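Novice: Here's a sequence, model it:
(one chain, ligands or ions: 1)
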Amino acid sequence: MPDTDFRSPRLYLDAPLAAGGRVPLDRNQGNYLGNVLRLGTGAKVLVFNGRDGEWQAAIAGRKRPEHLDIVAATRAQDRLPDLHYVFAPLKHARLDYMIQKAVEMGVCKLQPVLTRFTQVARVNSERMRANVIEAAEQCGILSLAEVEDPVTLDRWLSARAAERLLVFCDEAASAVNPVAALEPVRGITRGIDVLVGPEGGFAEDERANLLKQPNTLRLSLGPRILRADTAAVAALALVQAELGDWTQPEKQPTR
Ligand code: SAH
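Specialist: Numbers count the residues shown, from 1 in each chain. The predicted model follows:
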């Protein structure tokens, strides 16, 4: 990625971005730039809004950063692969971690599903959205993954597009080579859903129902049981490396 500047601070702005524009900073953003990064007027940062690519911007303000003056485009808007991460939500810090890692791995949608052994009752979607933005800011990601509202696993299965590949990460699957398991679906051009269960694993009837679904690929993540947030990274790395935009960026279907 020769053209990506990973040194300059990056900030998500929910505002149109165009050369010559001036975007006001909210209190948190002004505080982050001025007090945390100790940047003053004229300092340059990179900004993105998830739609208009990445832009260089100059800090403006009398005493502390109050606005950003949009200077020039630095990167064109790109698109994420059509890869959804479907997961049983975890408790706070582990969920924060899992969301950020899924975003770094390039998913375009985060779908929490409530399964029999899911240990959390409520899911804070706003907190998940904040984690999406934080991961995007830190990792030079230009598109924001969508955060869907939680639904039950059954509801999600009945609503999903049946032609999509469902990569079912099953802790009960016999440990076979996951790369070989993904081989038959290499080069697919339809969307992919990667499903990871809760810390308590999938219930037997959930497993049976999942294995009956069309286009389901049962994936083993090796001979050991991984914690759900570890499984997220392992599964998404395998899928991106074998089927996603880690191999043929130009050919991937995008959202
Ligand atoms: N019952 C175990 C498994 C839960 S692990 C426990 O309580 O620890 C959480 C999820 O991570 C699983 O539902 C599965 O989706 C995924 N996972 C963990 N280890 C896996 C493996 N070896 N193969 C496939 N999926 C795995």
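
Novice: hey, let's count contacts and neighbours off CA atoms from now on
Specialist: Noted.

Novice: what ranges do the strands span in the stretch 51-200 of the chain?
Specialist: When assigned using DSSP state E, counting those that start in this stretch, the strands of the stretch 51-200 of the chain occupy the ranges 54-60, 67-75, 83-87, 109-114, 146-147, 151-152, 165-169, 192-196.

Novice: which of those strands sits most buried?
Specialist: strand 83-87 (a mean of 26; mean count of other C-alpha atoms under 10 Å).

Novice: That one pairs with which strands, and in what direction?
Specialist: Take DSSP bridges as the rule and strand 83-87 pairs in its sheet with strand 109-114 (parallel), strand 192-196 (parallel).

Novice: And the pLDDT for the most centrally placed residue in the chain?
Specialist: For the chain, the residue nearest the mean C-alpha position is residue 103 (2.2 Å; C-alpha atoms, centre = their mean). What the model reports for residue 103 is a pLDDT of 98.

Novice: Residue 145 is in contact with that one, correct?
Specialist: Yes - between residue 103 and residue 145 there is a contact at 6.8 Å, judged by C-alpha atoms under 8 Å.

Novice: list residues touching both of those two?
Specialist: Residues touching both residue 103 and residue 145 (C-alpha atoms under 8 Å, 6 or more residues apart in numbering): residue 132.

Novice: ok, now which ones touch the residue nearest to residue 57 when sequence neighbours are not counted?
Specialist: The shortest distance from residue 57 to any non-neighbouring residue, by C-alpha to C-alpha, 6 or more residues apart in numbering, is to residue 70 (4.4 Å). Counting by C-alpha under 8 Å, 6+ apart, residue 70 makes contact with 17, 18, 19, 20, 21, 22, 23, 55, 56, 57, 58.

Novice: Name the SS class of the second one, please.
Specialist: At residue 18, secondary structure determined by DSSP: H, G, I helix; E, B strand; the rest coil is coil.

Novice: who's in contact with it?
Specialist: Residue 18 sits in contact with 70, 71, 72, 73, where contact means C-alpha under 8 Å, 6+ apart.

Novice: Let me have these in TSV, extended by pLDDT.
Specialist: As requested, the contacts of residue 18 are exported to TSV (pLDDT from 0 to 100):
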residue	pLDDT
70	98
71	97
72	97
73	97
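
Novice: quick one: residue 69 from residue 61, how far?
Specialist: Distance of residue 69 to residue 61, given as C-alpha to C-alpha, to the nearest Å: 10 Å.

Novice: Now do the contacts for the residue lying farthest from the centre of the chain.
Specialist: Relative to the C-alpha centroid of the chain, counting by C-alpha atoms, centre = their mean, residue 62 is the outermost residue, at 36.8 Å. Contact analysis of residue 62 by C-alpha under 8 Å, 6+ apart lists residue 41.
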